[in-house]
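Colleague: Got a predicted model here, sequence first, then my questions.
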Amino acid sequence: MGSGLLPLYRLLAGGEAGRAVGRDRPEQWQEAIEMADACRMAFASAYGRFREAESLVRIGGPRADAAALLAAAAERARALRARPLGEAIAELGRRARLSGPDPVDGAPTGVLAVLSPREREVLTLVAKGRSNRQIAEELYISPKTASVHVSNILSKLGVSSRGEAAAVAHRLGVSTT
């Protein structure tokens with residue numbers, strides 16, 4: 001490995017170290033992107049854009065900037081055929097609602113049809129035993145919004161507890177993997 005790449009790897013490692021403790025900053029990733037572009041390291045460039053978008057979402061930065069970064073990262077990942085990175089990018093876009101709705105093979109039927117797509121996401125997390133705070137963190141919403149979604153789900157499903165909602169979800173085959 002040439003010494004010209006060491007600064008890039010230091011920037012990426014610094015971003016990851018900050019991310020591990022929830023203290024990464026978009027600027028860290030931006031520096032890594034600039035270096036990756038200069039070194040023509042396409043994967044590192046796509047990855048840096050993905051992580052910068054994630055950082056912007058986490059700190060409540062400009063959503064348009066995060067969406068643009070995510071779109072650019074997705075384009076690069078597709079060009080590289082970097083499927084796992086592409087899937088992570090799509091997942092962030094979905095959770096943070098930075099992209100349009102994912103195409104669905106078929107519309108939900110029965111009991112699940114009364115829930116909005118976001119409520120179905122929340123129900124999946126309730127079925128996994130997540131707290132409102134954990135749901136909020138995973139979906140990039142406030143704990144209060146998560147609480148409102150859970151209350152709406154309980155009402156729409158006609159159940160009185162999270163445990164009953166989870167049982168309905170399991171009975172209906174809502175994915176918990």
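Modeller: Right, received. Where do you want to start? Just so it is clear, the model here is predicted, and its values are computed rather than measured.

Colleague: got the domain boundaries for the chain?
Modeller: Per the record, the chain has its domains at 3-95, 110-171, by automatic domain parsing.

Colleague: For A72, list the residues it contacts.
Modeller: 46, 49 (Cβ atoms under 8 Å, 6 or more residues apart in numbering). For every residue, glycine as well, the C-beta is placed using N, CA and C.

Colleague: go again using 7 Å as the cut-off
Modeller: Taking Cβ atoms under 7 Å, 6 or more residues apart in numbering, we find A72 in contact with R49.

Colleague: Now tabulate the domains of the chain in CSV and tack on mean pLDDT.
Modeller: Below are these laid out as CSV (pLDDT from 0 to 100):
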stretch, mean pLDDT
domain 3-95, 91
domain 110-171, 89
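
Colleague: Quick check: closest non-adjacent residue to the most centrally placed residue in the chain.
Modeller: For the chain, the residue nearest the mean C-alpha position is L92 (2.4 Å; Cα atoms, centre = their mean). Using Cβ to Cβ, 6 or more residues apart in numbering and skipping the chain neighbours, the partner closest in space to L92 is E54 (5.7 Å).
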